[in-house]
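Asker: The following block contains a protein sequence and its predicted model.
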Amino acid sequence: MKLASDKLASHLKKELAPVYIIGGAEPLVVMECADQVRHSACKAGFSEREVFYAESGFDWEDLALSLSSLSLFSNKRLFELRLNTKPGTEGAKVLEHYANHLSSDSILLIITGRLDSSATRTKWFKALDKAGVYIPIWPVEAASLTEWIVKRLQASHFNIAPDALAVLAERVEGNLLAAAQEIEKLKLLAAGKTIDLDAVGNSVSDSARYDVFDLSNSILKGDIPSCIRIFNGLKAEGIEASVVLWAIARDLRLLNRVGRAMAGKGRLEKVLEDMAHSMNMSPFLMKKRRRSIGQALHRHSEKSIRQMMVEAGEIDEIVKGVRNGDSWHSLMNLVLQLAGARPPIALSSVSF
């Protein structure tokens, strides 16, 4: 049974399932969900806890023996499996066997990274999912971060002023763990139950973390302020110009191919699905970016996209030392152009 992470607490108040799978790429949320399961299991009398780390070379027989053996002290047991690799044939058999031979005296808690569609279609996963609860953890996108912050504060009966919320979200964007830490600090320092702009300004450091995919998404959406902020963040973090260029060039090639296919009266959804397979990209992620890709195509003609591809090639020559120029300066020009900045923003007003 699939369950949203924010529904876990209410579920645990009603029942304890024999299996919990918590998987995702947001470590803080994964950790907090696992803590909720552990706490509820302990309250229910599962006083023994065994932890297994399934990595390369892991002996699945050790887990199988523990799952099938009786407790020395006749206690209820929580088995925790940190799944850092694919189970393989042997592991799949162990997990599937457990799902088909459940015991009221044991709970299996599996903590793993994001499970893709190929993993969730396997027999072992389907057996465990049918027997228990699957909690997929999705990254908290920038658009949802303010709501996440508000809910976290409200859980402790705190409020935050709108301007303070905006600044806090900007400073911790892309770093949920830092966001949680800053919230705890603000709760201690706040005068009363409302956090204002002064409290955030005096307390919160700039903990925003970005990657080139954040920049790519902002470019396609045409969010110019976000593009500038993320671009500067990447440069400050020491990301190579070649990596930033790779992401931009990839999107330009994608837009060029999609635009040409659309010119042949193809439907955007079908075109993106075909592109995902031909460009070895995730169909799920391609579908998720459909709207932003459509926005970028609406802003640019096939001719302008081709011109930007030429510019990307020239920047590549600068990066490789074949052509003279400032690669970061040229990259920022390309970023702003692709994001739809018209007329061009004077680079003297853009901090590097």
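Answerer: Done, it's in.

Asker: Look through every helix and strand of this structure and give the one with the lowest mean pLDDT.
Answerer: Every helix and strand in the chain was compared by mean pLDDT, DSSP states H and E; the lowest is helix 283-288, with a mean of 70.

Asker: quick one: residue 25 and residue 292, what's the gap?
Answerer: Distance from residue 25 to residue 292, counting by C-beta to C-beta, to the nearest Å: 20 Å. No exception for glycine: its C-beta is placed from N, CA and C like everyone else's.

Asker: Between the two, which is the more surrounded one?
Answerer: residue 292 (18 against 11; other C-beta atoms under 10 Å).

Asker: Which residue, other than its chain neighbours, is closest to the more buried one?
Answerer: Leaving aside its sequence neighbours, residue 292 sits nearest to residue 220 (C-beta to C-beta, 6 or more residues apart in numbering; 3.8 Å).

Asker: In this structure that neighbour contacts residue 250, no?
Answerer: No. Using C-beta atoms under 8 Å, residue 220 is not in contact with residue 250, being 11.4 Å away.

Asker: Compare neighbour counts for these two and give me the winner.
Answerer: It is residue 220, of residue 220 and residue 250, that has more neighbours when counted by other C-beta under 10 Å, with 24 against 15.

Asker: who touches the more buried one in this structure?
Answerer: Residues near residue 220 by C-beta atoms under 8 Å, 6 or more residues apart in numbering: 251, 289, 292, 293, 295, 296.

Asker: Can you tell me which of those residues comes closest to residue 275?
Answerer: Of all those, residue 275 sits closest to residue 293, with 9.4 Å by C-beta to C-beta.

Asker: how deep is the closest one tucked in, by neighbour count?
Answerer: Counted with other C-beta under 10 Å, residues neighbouring residue 293 total 21.

Asker: still on that earlier bit, taking the contacts of residue 220 together, which two end up most distant?
Answerer: 251 and 295 (12.2 Å).

Asker: the more surrounded of these two?
Answerer: More crowded of residue 251 and residue 295, by other C-beta under 10 Å: residue 251, with 23 against 15.

Asker: pretty sure the more buried one contacts residue 219?
Answerer: Yes. Applying C-beta under 8 Å as the test, residue 251 and residue 219 come out as touching, 6.8 Å apart.

Asker: Overlap of the contact sets of these two?
Answerer: Contacts common to residue 251 and residue 219, judged by C-beta under 8 Å, 6+ apart, are 296, 338.

Asker: The contacts of residue 220 into TSV, with extra columns for pLDDT?
Answerer: Formatted as TSV, these follow (pLDDT from 0 to 100):
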residue	pLDDT
251	90
289	81
292	90
293	90
295	91
296	92
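
Asker: Among those residues, which are located in strands?
Answerer: For the contacts of residue 220, not one is inside strands, with DSSP state E as the criterion.

Asker: which of the residues you listed lies closest to residue 201?
Answerer: residue 292 (31.7 Å).

Asker: what's around residue 143, how many residues?
Answerer: Per other C-beta under 10 Å, the neighbour tally for residue 143 reads 9.

Asker: so residue 109 sits in a strand?
Answerer: Yes. Counting by DSSP: H, G, I helix; E, B strand; the rest coil, residue 109 falls inside a strand.

Asker: thinking again about what came up before, mind checking which helix or strand the residue nearest to residue 292 is in?
Answerer: Taking DSSP states H and E as the criterion, residue 220 maps to helix 212-221.

Asker: quick one: secondary structure of the most centrally placed residue in the chain?
Answerer: Nearest to the mean C-alpha position of the chain, by C-alpha atoms, centre = their mean, lies residue 139 at 3.2 Å. On the three-state scheme (three-state DSSP), residue 139 is labelled coil.

Asker: Touching, it and residue 25? I think so.
Answerer: Yes. At 5.8 Å, residue 139 and residue 25 qualify as touching, with contact defined as C-beta under 8 Å.

Asker: Okay, helices next: where are they in the stretch 101-250 of the chain?
Answerer: 117-120, 123-131, 142-154, 162-172, 176-189, 197-203, 212-221, 224-236, 241-263 (DSSP state H, counting those that start in this stretch).

Asker: Going by contacts, tell me the helices and strands next to the third one.
Answerer: Contacts defined by 3 or more C-beta pairs under 8 Å, 6 or more residues apart in numbering; DSSP states H and E place helix 142-154 against strand 159-160, helix 162-172, helix 176-189.

Asker: let's go with 6 Å and repeat that
Answerer: Helix 142-154 is packed against helix 162-172, with contacts defined by 3 or more C-beta pairs under 6 Å, 6 or more residues apart in numbering; DSSP states H and E.

Asker: Could you do the fourth one as well?
Answerer: Secondary-structure packing of helix 162-172 (3+ C-beta pairs under 6 Å, 6+ apart): helix 142-154, helix 176-189, helix 197-203.

Asker: Could you pull up phi and psi at residue 175?
Answerer: Here is the backbone geometry of residue 175 (degrees, to the nearest 10): phi -140, psi 80.

Asker: State the number of residues packed around it.
Answerer: For residue 175, using other C-beta under 10 Å, the count is 17.
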